[in-house]
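J.: make a model of this:
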Amino acid sequence: MIYPVNDLARAKALYGALLGVEPDMDEAYYVGFSVGDQRSGMTGPVGYWHVDSIHQSIKGLLALGAVEHQAIQDVGGSRLVASVTDADGNVIGLIQAP
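T.: A predicted model of the protein is given here:
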């Protein structure tokens with residue numbers, strides 16, 4: 001799970017206390033924690049393509065062989081995001097503005 005934060009030091013302290021572990025990656029721009037066999041972080045960057053209809057776009061991509069990665073969700077202000085993976089495992093993000 002990735003949480004964007006404004007104060008990395010404060011977030012590091014909070015999540016360290018919550019998880020009961022020290023970060024296994026601690027950089028000025030990113031802090032990652034591992035708990036058991038779960039690792040935080042992404043395997044690479046995710047670009048988000050602006051689309052007019054996220055429902056139609058997801059449906060079309062799935063019909064062409066993509067696999068759902070993250071279901072459509074409202075991230076606030078009626079802005080919808082979702083992602084799929086292509087045949088090579090690349091994550092393709094989609095975003096629909098309100």
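J.: in stretch 16-23, which residues are buried?
T.: Pro23 (16 or more other C-beta atoms under 10 Å). In short, each C-beta sits where N, CA and C put it, glycine included.
J.: pull the residues that contact it.
T.: Residues from elsewhere that reach stretch 16-23, judged by C-beta atoms under 8 Å, 6 or more residues apart in numbering: Lys12, Val31, Gly32, Phe33, Ser34, Val35.
J.: give me every residue that touches the last one.
T.: With contacts defined as C-beta under 8 Å, 6+ apart, the neighbours of Val35 are Leu19, Val21.
J.: quick check, nearest of the contacts of stretch 16-23 to Gln96?
T.: Gly32 (29.1 Å; C-beta to C-beta).
J.: from Gly47, how far off is Ala63?
T.: Using C-beta to C-beta, to the nearest Å, one obtains 21 Å as the distance from Ala63 to Gly47.
J.: mind listing the residues bridging to Asp26?
T.: Beta-bridge partners for Asp26, by DSSP bridges, are Val31.
J.: I figured it was touching Ala13, is that so?
T.: No - contact between Asp26 and Ala13 fails when scored by C-beta atoms under 8 Å: they sit 11.8 Å apart.
J.: ranges for the helices of this protein?
T.: With DSSP state H applied, the chain shows helices at 8-19, 54-63, listed in chain order.
J.: most tightly surrounded among those?
T.: For the helices of the chain, the largest average neighbour count (mean count of other C-beta atoms under 10 Å) is found in helix 54-63, namely a mean of 15.
J.: which neighbouring elements make contact with it?
T.: When contacts are defined as 3 or more C-beta pairs under 8 Å, 6 or more residues apart in numbering; DSSP states H and E, helix 54-63 sits against strand 67-74, strand 80-85, strand 91-96.
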